[in-house]
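1. I would like the atomic coordinates for the input below:
(one chain, ligands or ions: 1)
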Amino acid sequence: MRGEEVPAPGVGRSRKKAGYGLSAGRRQIRRLGLSFIPGLVWLGFLVLGYQLLSRHSDWAEVYSRYIRAWLIRPLVWLNSLLPFSLTELLLLPAALILLCLLLRLLFSWLAPAGRRVIRALRSLRALYILLIIAMSLYLLFHGYNFLRQPLSESLDLPVQAQSSQTLYDVCVLLEQHAAALREQLPEDQDGVFALDTSETQAQLFKRANLGYEAAAQTISILSGPTVLAKGVWLSHWWSYTGTTGMFMPLLAEANVNTDVQPDEELFTILHEMAHVHGIAREDEANFVAFLTGIDHPDPDFQYAAYLSALIHGSNSLYKYDKDLWQQLWEQIPDSLQRDIQARNVYWDQFEGPVQTQTQKTNDSFLKANRQESGIHSYGQMIDLVISYYQKQGVIDLG
Ligand SMILES: [Zn+2]
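-> Numbering: from 1, shown residues only. Okay, here's the model as predicted:
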């Protein structure tokens with residue numbers, strides 16, 4: 001009597017268990033599947049928001065000025081308490097977590113058949129939640145800002161085609177301002193503009209806010225919380241990618257390459273702060289850096305603003321009228337030429353495939369965000385500078 005016909009108690013239980021397990025498994029899969037729905041609804045809401053704002057730039061303007069400006073405040077405040085770059089600190093752990101989640105998803109297919117789908121769904125859900133958080137923060141803090149009214153409209157600075165002569169006149173004006181300021185600034189042993197060595201990086205980043213406070217007196221959209229830009233430890237290595245700064249929308253953090261020439265660093269601080277203040281387009285962030293630089297009470301920031309605008313203007317002039325460019329270059333004083341040359345020498349050492357590839361990626365990113373001219377939009381800030389001086393009555397209407 002082996003009892004083959006009589007199921008052993010354990011077998012019976014296991015069959016029952018298997019049946020119970022199957023329906024419980026199905027219920028679990030169903031529950032996991034349903035847990036994806038709120039995220040999908042939220043994503044739909046975000047996409048709908050993007051579609052609506054892309055059709056109504058005035059709505060996007062209201063969102064940026066009155067909703068986003070307050071949403072981002074707690075993050076900006078939290079960031080101002082930390083003197084180091086959170087972006088840099090969290091980048092590696094974030095990449096590792098992402099890699100672990102991807103591996104978990106991959107290995108879930110090695111689990112027993114009954115658990116395979118559940119494990120895969122759980123891994124997928126973790127990735128899905130991270131993606132939704134990242135997408136939400138990106139769109140709410142940066143992506144929607146690309147849909148705002150152009151600054152030329154909101155600041156009433158119409159941009160129009162200009163003659164080379166007008167561009168030349170503006171360059172001369174910028175050069176005169178820069179040259180006058182340069183005389184009072186410190187130099188290094190090579191005669192190149194240097195920062196005040198008694199000031200720490202943290203003090204410098206804090207001082208940058210004075211430019212925004214001054215500019216906000218007349219341009220209300222530049223008012224906002226105190227922003228603490230951050231120097232990046234890996235700045236020198238960033239230069240291999242041609243990156244002078246980076247706004248991290250997920251943390252509302254302005255990151256700055258501190259290895260570049262000092263005048264470029266000062267201008268970059270103001271540029272990255274413009275992104276925190278809700279100015280997303282690159283040419284407009286450059287223009288805001290110019291405005292907040294020339295309104296800054298200290299000559300070093302002012303000089304950085306005039307010199308950077310002059311470099312942009314001079315590059316445009318070179319493209320359209322080489323004779324006028326030559327004429328301009330001949331009157332630029334030696335001190336300014338040394339500073340411009342120092343920038344060129346600095347960047348020459350980093351030229352290579354990494355920089356080319358990063359520039360291409362940046363170009364694609366900008367085009368994806370409706371900046372059709374890609375990286376060339378950096379130079380368009382000069383059109384706004386021309387319009388600004390025309391409105392001031394400093395130069396003739398072209
Ligand atoms: Zn930027």
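
2. so for this structure, the centremost residue is which one?
-> With distances taken as CA atoms, centre = their mean, the residue of the chain nearest its centroid is Phe247 (3.0 Å).

3. now the closest residue to that one other than its chain neighbours: which helix or strand?
-> Counting by CB to CB, 6 or more residues apart in numbering, His275 is the residue found nearest to Phe247 once chain neighbours are left out, at 3.6 Å. Glycine gets a C-beta too; all of them are placed from N, C-alpha and C. Secondary-structure element containing His275, defined by DSSP states H and E: helix 262-276.

4. returning to what we had before: contacting residues for the residue nearest to Phe247?
-> 142, 247, 249, 254, 285 (CB atoms under 8 Å, 6 or more residues apart in numbering).

5. mind checking the SS state of the residue nearest to the centre of the chain?
-> Of the three states, Phe247 takes strand under DSSP: H, G, I helix; E, B strand; the rest coil.

6. if I pick it, what's in contact with it?
-> Contacts of Phe247 (CB under 8 Å, 6+ apart): 142, 253-255, 272, 275-276.

7. turn the residues you listed into TSV, columns for distance to the ion and pLDDT.
-> As requested, these are exported to TSV (distance: CB to the ion, whole Å; pLDDT from 0 to 100):
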residue	distance to the ion	pLDDT
His142	10	95
Glu253	13	96
Ala254	9	97
Asn255	10	97
Glu272	6	97
His275	6	97
Val276	11	97
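
8. which two among the residues you listed are spaced furthest apart?
-> His142 and Asn255 (13.6 Å; CB to CB).

9. can you pull the residues of the chain lying near the ion?
-> Neighbours of the ion within the chain, by CB under 5 Å from the ion: 282, 285.

10. the strands in the chain, which residues?
-> Taking DSSP state E as the test, the strands found in the chain are 230-231, 245-248, 253-256.

11. can you list the domains in this structure?
-> 9-147, 156-392 (automatic domain parsing).

12. deepest in the core, which of those is it.
-> Of the domains of the chain, the one with the most neighbours on average (mean count of other CB atoms under 10 Å) is domain 156-392, at a mean of 19.

13. so where is the stretch 51-200 of the chain shaky, pLDDT-wise?
-> By pLDDT under 70, the stretch 51-200 of the chain has no low-scoring segment.

14. 80 instead?
-> Counting by pLDDT under 80, the ranges of the stretch 51-200 of the chain that qualify are 108-115.

15. pLDDT of stretch 218-237, averaged?
-> The average of the pLDDT scores along stretch 218-237 is 94.

16. how distant is it from the center of its chain?
-> Offset of stretch 218-237 from its chain centre (CA atoms, centre = their mean, to the nearest Å): 11 Å.

17. now do that stretch: distance from first to last residue.
-> 39 Å (CA to CA, to the nearest Å).
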